[in-house]
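*Asks:* output the structure for:
(one chain, ligands or ions: 1)
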Amino acid sequence: MEDRELIERIMKLKKDRNAVILVHNYQPGEVQDIADFLGDSLELSRKAAESDADVIVFCGVRFMAETAAILCPDKTVLLPDPEAGCPLADMVTVEALRRKKAEHPEAFVVCYVNSSAEVKAESDVCCTSANAVRIVEQIDGKVLFVPDQYLGRHVASRTGKELILWPGFCPVHMNILPQDIEELKREHPEARVVVHPECRPEVTALADEVLSTGGMCRYAGETESQTLIVGTEVGILHRLRRENPGKTFLPASERAVCSNMKRITPEKVLHSLEDLSPRVEVPEDIRLRAKAALDAMVQVG
Ligand code: SF4
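*Replies:* Residues are numbered from 1 along each chain as shown. Predicted structure coming up:
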């Protein structure tokens, strides 16, 4: 099928189904180009909650589609490739979290949105990379932060609080090394460096700004700098270049590619809309408890 015909079929079916296509900033360029909304996890969860569509096609990974299903129980949530998971989210299981909670019964559990619905259900509040600092600032007392140790360390450094960290990490952001940034800085001394808080501390230490992907998109439009070195998954470069055609964006590392994010294609979006599958559903008892943790996040911002 020609690209144009494929897009036309997606658009027609989207209308027939009263569907909305939510696309994460790390998705392949051709998927970003069919988005109704493009954003980071926090922005997309807000869009999901506000939408009056009957069907949400979530172009991202499983935990993101689960978050939409938790917030929108009356909508059909589709994940066009059911194998699109997140290795970071898989680094904490509900059983392991319960054991850790038993060791620290007084701790408040803050759970990065990159986690399963079951883990969210076992937590007091969720956070994203965009609001993690604000969320932890509001908490008095001990915090157990799961599952990303590097986001946790970044939050600890910004809030001055000592957190109990889980040993999880994003293997994609681990591919960005300090020497990658140093080399690019030597070649482009005028460039500003923006990195994601899932990066190693040695990398965030070299950055001018540590931002979520949504924050990077805003920063790119506002900064006077014409060249940015971007330390996150390379999919974001498509959006940054499209929205800022006069500026230069350099990936901190070409190795920062999330194969799970790249599982979604326009063809799979079409099939998903045709069959209304694969669906993502969360059992009601887990959904209600996970929603309480997400609601607690939304209240803080
Ligand atoms: S980039 Fe990292 S955290 Fe994001 S979905 Fe891929 S593996 Fe998970």
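
*Asks:* in stretch 194-210, which residues are buried?
*Replies:* Buried residues in stretch 194-210, counted by 16 or more other Cβ atoms under 10 Å: 194-200, 203-204, 206-207, 210. Heads up, the C-betas are built off the backbone N, CA and C, glycines and all.

*Asks:* ditto for stretch 235-247
*Replies:* Buried-residue list, stretch 235-247, by 16+ other Cβ under 10 Å: 235-240, 244.

*Asks:* which other residues reach it?
*Replies:* Residues outside stretch 235-247 that contact it (Cβ atoms under 8 Å, 6 or more residues apart in numbering) are 24-29, 32, 38, 213, 216-217, 220-221, 225-228, 230, 249, 251, 258, 261-262.

*Asks:* alpha carbons of it, as CSV, please.
*Replies:* Only the C-alpha atoms of stretch 235-247 are listed here, as CSV (Å, rounded to 0.1, in the frame of the first residue of the first chain):
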residue,chain,number,x,y,z
GLY,A,235,13.3,9.8,18.0
ILE,A,236,12.8,13.2,19.6
LEU,A,237,15.1,14.7,16.9
HIS,A,238,12.3,14.4,14.3
ARG,A,239,10.0,16.6,16.3
LEU,A,240,12.7,19.1,17.3
ARG,A,241,13.9,19.6,13.7
ARG,A,242,10.4,19.9,12.4
GLU,A,243,9.3,22.5,15.0
ASN,A,244,12.6,24.5,14.8
PRO,A,245,13.7,24.3,11.2
GLY,A,246,16.4,27.0,11.6
LYS,A,247,18.2,25.3,14.4
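
*Asks:* for it, give the mean pLDDT please.
*Replies:* Average pLDDT, stretch 235-247: 97.

*Asks:* before we move on, back to that, between the buried residues of stretch 194-210, which sits nearest L163?
*Replies:* P197 (13.1 Å; Cβ to Cβ).

*Asks:* wait, the closest one sits on Y150?
*Replies:* Yes: counting by Cβ atoms under 8 Å, P197 sits close enough to Y150 to count as a contact (6.7 Å).

*Asks:* by mean pLDDT, which helix or strand of this protein comes out lowest?
*Replies:* Between all helices and strands in the chain, the lowest mean by mean pLDDT, DSSP states H and E belongs to helix 41-50, at a mean of 87.

*Asks:* check which helices and strands the helix or strand just after that helix is in contact with.
*Replies:* Sequence-wise, the next helix or strand downstream of helix 41-50 (DSSP states H and E) is strand 55-59. Identification of packing neighbours for strand 55-59 by 3 or more Cβ pairs under 8 Å, 6 or more residues apart in numbering; DSSP states H and E yields strand 19-24, helix 41-50, helix 62-71, strand 76-78, helix 266-275.

*Asks:* thanks a lot, see you next time.
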